[in-house]
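# Provided below are the primary sequence and the corresponding predicted coordinates.
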Amino acid sequence: MKAKISGKTLELILGDITEQATDAIANAANSRLAGGGGVDGAIHRAAGPTLANECARIGGCPTGSAVATGAGNLKARYVFHAVGPIWRGGGQDEAKLLAGAYRKCLELAEEKSCKSIAFPSISTGVYAYPLEQAASVALGEVAEQLARSAGKLHRAVFVLFDGATLAAYETALRELARKRKDLQLD
């Protein structure tokens, strides 16, 4: 599924984020930047040891933010390690922190003159953020930042690993298109 906003593309696909040839990929990282399971582990395995070495030099990242490294053996040029929140019921600024992680990735993309970025569904794995709520926050933040961007970034793709996650994001994108007149579904 694709949408256009301010001449830029927002896309949802089913796939493997480690295979994306975008300028940057976002990693659903932990605050220690130590390769873990899920998306984080897959990215670290595919990128090779240089990624872990760069992460170790950085040392960490606060929840709700992101840091940039090279991409090692990946097709991308950069990996933006985004630390989303652990779900604790919704009353501890989880939505604000999740939006901040996506926003910081987009800021890094602008700083690095990226034309494209791929995102996973941050915080919806072991961090247990409810999928439908996370999809709404993620798409809302990315659409808002794309609409405001005057930089080179012109494509953001959510690379989702299973049908249930893709379906949740498609539902959230349709709902967002109903709310935003500047977002047109293709």
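Perfect, I can see it now. Just so it is clear, the structure is predicted and the values come from calculations on it, not from any experiment.
# in this structure, which residue is closest to the centre?
When the chain is reduced to its mean C-alpha position, the nearest residue by Cα atoms, centre = their mean turns out to be Phe119, at 3.1 Å.
# who touches that residue in this structure?
Phe119 sits next to Ile17, Ile25, Ala26, Tyr102, Cys105, Ala138, Val142, Ala156, Val157, Phe158, Val159 when contact means Cβ atoms under 8 Å, 6 or more residues apart in numbering. C-beta coordinates here come from the backbone N, C-alpha and C atoms, glycine included.
# how much space between Leu166 and Leu10?
Leu166 is 14 Å from Leu10, where distance means Cβ to Cβ, to the nearest Å.
# And the two? Which one has more around it.
Taking neighbours as other Cβ atoms under 10 Å, Leu166 and Leu10 compare with Leu10 leading, 24 against 20.
# That one: which element?
Taking DSSP states H and E as the definition, one finds Leu10 inside strand 8-14.
# So which bits of that strand are buried?
Within strand 8-14, the residues that count as buried by 16 or more other Cβ atoms under 10 Å are Lys8, Leu10, Glu11, Leu12.
# okay but the first one is in contact with His154, surely?
Read it as Lys8. Yes - in terms of Cβ atoms under 8 Å, Lys8 counts as a neighbour of His154; the distance is 4.8 Å.
# all helices for this structure, in order.
For the chain, helices defined by DSSP state H occupy the ranges 38-47, 49-58, 94-111, 131-148, 163-179.
# Show the average pLDDT along the first one.
To tie it back to what came earlier, the one meant is helix 38-47. Helix 38-47 carries an average pLDDT of 95.
# and that helix, which residues are buried?
For helix 38-47, the buried set under the neighbour-count rule, 16+ other Cβ under 10 Å, comprises Val39, Asp40, Ala42, Ile43, His44, Ala46, Ala47.
# What of the last one?
Buried positions in helix 163-179, judged by neighbour count with 16+ other Cβ under 10 Å: Thr165, Leu166, Ala167, Ala168, Tyr169, Glu170, Ala172, Leu173, Leu176, Ala177.
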